[in-house]
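Enquirer: Whatever this is, show me its structure:
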Amino acid sequence: LSENEVTTSRSIFSRNNTSDSEIDKFFCSTSSVISLLDKISVSVKLNESVLLIGETGCGKTSVIQHFANISGNRLKVINLSKVTDVSDIFGGFKPVSVKQRCLSILNKIKLFLENFYDVSKNTEFIMYLLKSIENGNYVAFAKTAISGCKKLLATAPSRSLNESEKSRYRNHSCELQNAESELQNIVQSKHVPKFEFVKGVLSECYEQGYWLLVDEINLAPESVLLRLSTIITSSRLQLDEGGFSINIERSRGFRLFACMNPAFEVGKKALPTRTSNLMSSFKVSAMENVDEIANLISHLFRRLPSVNKSITFSLAEFFHKIRYLSQVNEIRDTNDRKLPISIRQLRRGIELSKSLMESEHITIGVINALYAGCRVAFRLEMSTESQSKFDCLFDEIMHSKEIAKRYVREDFFMLTPKSFRILLSHPIPNFGTFIEIPPHILTPTLSELLPDILKVLSFNSELPILLEGPTSCGKTSLLTFLAAHYGKKLVRINNHR
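Expert: Numbering: from 1, shown residues only. Predicted coordinates:
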């Protein structure tokens, strides 16, 4: 990887500058990942669409995101489902407000400037237009935009254009000319409700040359898959909506990626052959090699020297065995169903363990921190019998002694002398707001669950929490109780069909 190009064992291609994301420094390039990136790079070089097939949490999406970042391409991601409509991804006619119409025209002007002129010389012009929209001064925006568009169309591009760019220049010029009548209506305050074609994420990527990742592609309805099949091989996208025909030229930089789970998983279906045959398909296997898993763990803990090679290998061995027990149905969930375990969960647990070890509020041993992370990542969904197997296996491999019993004791970690409130031996950040704490009875079951929730809330607040249970078992009241302790306002939204 250099400043201007990306080199793999079988291909070399230039880096673009359209990516708006930084390269993920936490991405671990194992041997299997490097091999997969090499295959994907060849497909991208040959302008082929890519399909990755693998189990949940094996890293399909992460690999594509990383490849887009290192190659400097902007990547858009869309998740499909059985209720996805063609208009959701391709676009369609929708009612737009005056503000939306102004923003749409502003985007066309900005895009025209970025592609064919020096944007830096027109910064003041763009900022004035944007400020006019924000202030609701749409007439001033329209007048300035009309005069600006006329000057742009009368000025030759700042550089020479090839044939493809000349075609795009003509299309953009026509769009600006068509926008003039709409701007005149805004000047005359004729704010008539209007239906306008709003491009979907695929149409935007197709035209702008962005990369598009279609996740869970095999869940999409037949109508969506049929339309997706047509764009893989064509150089132009034609949309017929409301009696209008809209043509979008395919940008040279556009690439289509898709991910799916194997068809044998519950709730999944096979991708039609006519669609899969148009794409380069690669199977993404979960990490089975203990050394590779240890390499990943070591990479995630690289800033913590206390987590040595012996510990990372033991943790990798523990994960490998607990996943094997899940695969052979010896580890079950609370409903006595098979419980899938993935690398994604392992990473989530490691992030919590790191947060515990790096916290200034507590002092905790490495093994204790690893158990807390693995417990939150894997154990909470297990049946009582499976939880016992989990604890015994952790004690055996990590050389701990009845760590599950010590987990709920006050000496599992030591509090540092800081000013904060305490709840079940856990530090509660002091936000300086006082909310009356409602009465709450801590039953034995709740007292066992709360330490897990408190570790997430106090040490890794970015991790979302899902409480699952029957009606009136106390889920909402528990959150009200916790929100009061953390000095936070709880907003409740009732979802229904």
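Enquirer: just checking, Leu130 is part of a helix?
Expert: Yes: assessed by DSSP: H, G, I helix; E, B strand; the rest coil, Leu130 belongs to a helix.
Enquirer: got a list of what it touches?
Expert: For Leu130, the contact set (CB atoms under 8 Å, 6 or more residues apart in numbering) comprises Leu106. Backbone N, C-alpha and C define where each C-beta goes, glycine included.
Enquirer: can you tell me how far it sits from Ile146?
Expert: According to CB to CB, to the nearest Å, Leu130 and Ile146 sit 16 Å apart.
Enquirer: Leu80 now?
Expert: 41 Å.
Enquirer: Tell me which of these two has more neighbours.
Expert: For Leu80 versus Ile146, neighbours defined as other CB atoms under 10 Å are more numerous around Leu80 (21 against 16).
Enquirer: Not counting residues beside it along the chain, what's closest to that one?
Expert: Counting by CB to CB, 6 or more residues apart in numbering, Leu80 lies nearest to Ala220, which is 4.1 Å off, once chain neighbours are set aside.
Enquirer: Would you agree that neighbour is in contact with Ser81?
Expert: Yes: using CB atoms under 8 Å, Ala220 makes contact with Ser81 at a distance of 7.4 Å.
Enquirer: okay, these two: which has more neighbours?
Expert: Ala220 (28 against 12).
Enquirer: Need the contact partners of stretch 175-190.
Expert: 98, 101-102, 105, 108-109, 112, 138-139, 141-143, 145-146, 149, 152-153, 191-192.
Enquirer: Now intersect those with the helices, please.
Expert: When DSSP state H is applied, the contacts of stretch 175-190 are split such that 98, 101-102, 105, 108-109, 112, 138-139, 141-143, 145-146, 149, 152-153 fall in helices.
Enquirer: Quick one: the helices in the stretch 301-450 of the chain, in order.
Expert: Using DSSP state H, counting those that start in this stretch, the helices of the stretch 301-450 of the chain run over 309-327, 343-358, 366-378, 384-398, 403-407, 444-459.
Enquirer: Deepest in the core, which of the ones you listed is it.
Expert: Among the helices of the stretch 301-450 of the chain, helix 366-378 has the highest mean neighbour count (mean count of other CB atoms under 10 Å), at a mean of 24.
Enquirer: Please work out the average pLDDT along that helix.
Expert: Averaging pLDDT along helix 366-378 yields 93.
Enquirer: With stretch 336-343 instead?
Expert: The average pLDDT within stretch 336-343 is 88.
Enquirer: again, but for stretch 442-459
Expert: In the prediction, stretch 442-459 has an average pLDDT of 81.
Enquirer: thinking again about what came up before, if any of the ones in helices among the contacts of stretch 175-190 are buried, give me the ChimeraX selection for them.
Expert: Per 16 or more other CB atoms under 10 Å, the buried members of the ones in helices among the contacts of stretch 175-190 correspond to this ChimeraX selection:
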select :98,101,102,105,108,109,112,138,141,142,143,145,146,149,152
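Enquirer: List the residues that contact the nearest residue to Gly91 once chain neighbours are set aside.
Expert: For Gly91, ignoring the flanking residues on the chain, the nearest one in space by CB to CB, 6+ apart is Gly200 at 3.8 Å. Contact analysis of Gly200 by CB under 8 Å, 6+ apart lists 87-92.
Enquirer: Give me the distance between the two termini of stretch 81-90.
Expert: Using CA to CA, to the nearest Å, the end-to-end distance of stretch 81-90 comes to 15 Å.
Enquirer: buried stuff in that stretch?
Expert: Residues of stretch 81-90 classed as buried: 84, 86, 88-90 (neighbour count, 16+ other CB under 10 Å).
Enquirer: So what touches it?
Expert: Outside stretch 81-90, the residues that touch it by CB under 8 Å, 6+ apart are 78, 80, 200-203, 214, 216, 219-221, 223-224, 227, 237, 239.
Enquirer: Among those residues, which ones are in strands?
Expert: Under the assignment DSSP state E, the contacts of stretch 81-90 contribute 78, 214, 237, 239 to strands.
Enquirer: Closest to Gln327 out of these?
Expert: Ranked by distance to Gln327 (CB to CB), the ones in strands among the contacts of stretch 81-90 are led by Val214 at 28.2 Å.
Enquirer: Cross-check the contact I'm expecting between that closest one and Leu228.
Expert: Yes: using CB under 8 Å, Val214 is in contact with Leu228, at 7.2 Å.
Enquirer: Need the residues touching each of these two.
Expert: Residues touching both Val214 and Leu228 comprise Leu256, with contact defined as CB under 8 Å, 6+ apart.
Enquirer: now the helices: where do they sit in the stretch 1-150 of the chain?
Expert: Going by DSSP H, counting those that start in this stretch, the stretch 1-150 of the chain shows helices at 31-45, 60-70, 86-90, 98-116, 123-134, 138-154.
Enquirer: Arrange the ones you listed in a markdown table, one row each, with distance to Asn295 as further columns.
Expert: Rendered in a markdown table, the data for those read as follows (distance: least, CB to CB, whole Å):
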| stretch | distance to Asn295 |
| --- | --- |
| helix 31-45 | 9 |
| helix 60-70 | 16 |
| helix 86-90 | 37 |
| helix 98-116 | 41 |
| helix 123-134 | 46 |
| helix 138-154 | 54 |
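Enquirer: tell me the most buried of the ones you listed?
Expert: Burial of those is given as mean neighbour count (mean count of other CB under 10 Å); helix 60-70 ranks first at a mean of 21.
Enquirer: From the chain's centroid, how far away is that one?
Expert: Chain-centre distance of helix 60-70: 11 Å, with CA atoms, centre = their mean, to the nearest Å.
Enquirer: Kindly report the same for stretch 375-385.
Expert: Stretch 375-385 sits 25 Å away from the centroid of its parent chain (CA atoms, centre = their mean).
Enquirer: Start and end of stretch 230-248, how far apart?
Expert: 13 Å.
Enquirer: Give me the residue ranges of the stretch 251-400 of the chain where confidence is low.
Expert: Along the stretch 251-400 of the chain, the parts satisfying pLDDT under 70 run over 264-267.
Enquirer: Could you rerun that using 50?
Expert: Applying pLDDT under 50 to the stretch 251-400 of the chain picks out no residues at all.
Enquirer: coming back round to it: roughly how far does the residue nearest to Leu80 sit from Val86?
Expert: 10 Å.
Enquirer: Pretty sure Ser280 sits in a strand.
Expert: Yes: Ser280: assigned to a strand according to three-state DSSP.
Enquirer: any idea what sits nearest the most centrally placed residue in the chain, other than its immediate chain neighbours?
Expert: Relative to the mean C-alpha position of the chain, the nearest C-alpha, by CA atoms, centre = their mean, is the one of Val77, at 7.5 Å. Leaving out its chain neighbours, the residue that sits closest to Val77 by CB to CB, 6+ apart is Leu213, at 4.6 Å.
Enquirer: Thr155 versus Lys121, what's the distance?
Expert: Lys121 is 11 Å from Thr155, where distance means CB to CB.
Enquirer: same check, this time on His320
Expert: 64 Å.
Enquirer: swap in Ile422?
Expert: Applying CB to CB to Ile422 and Thr155 gives a distance of 68 Å.
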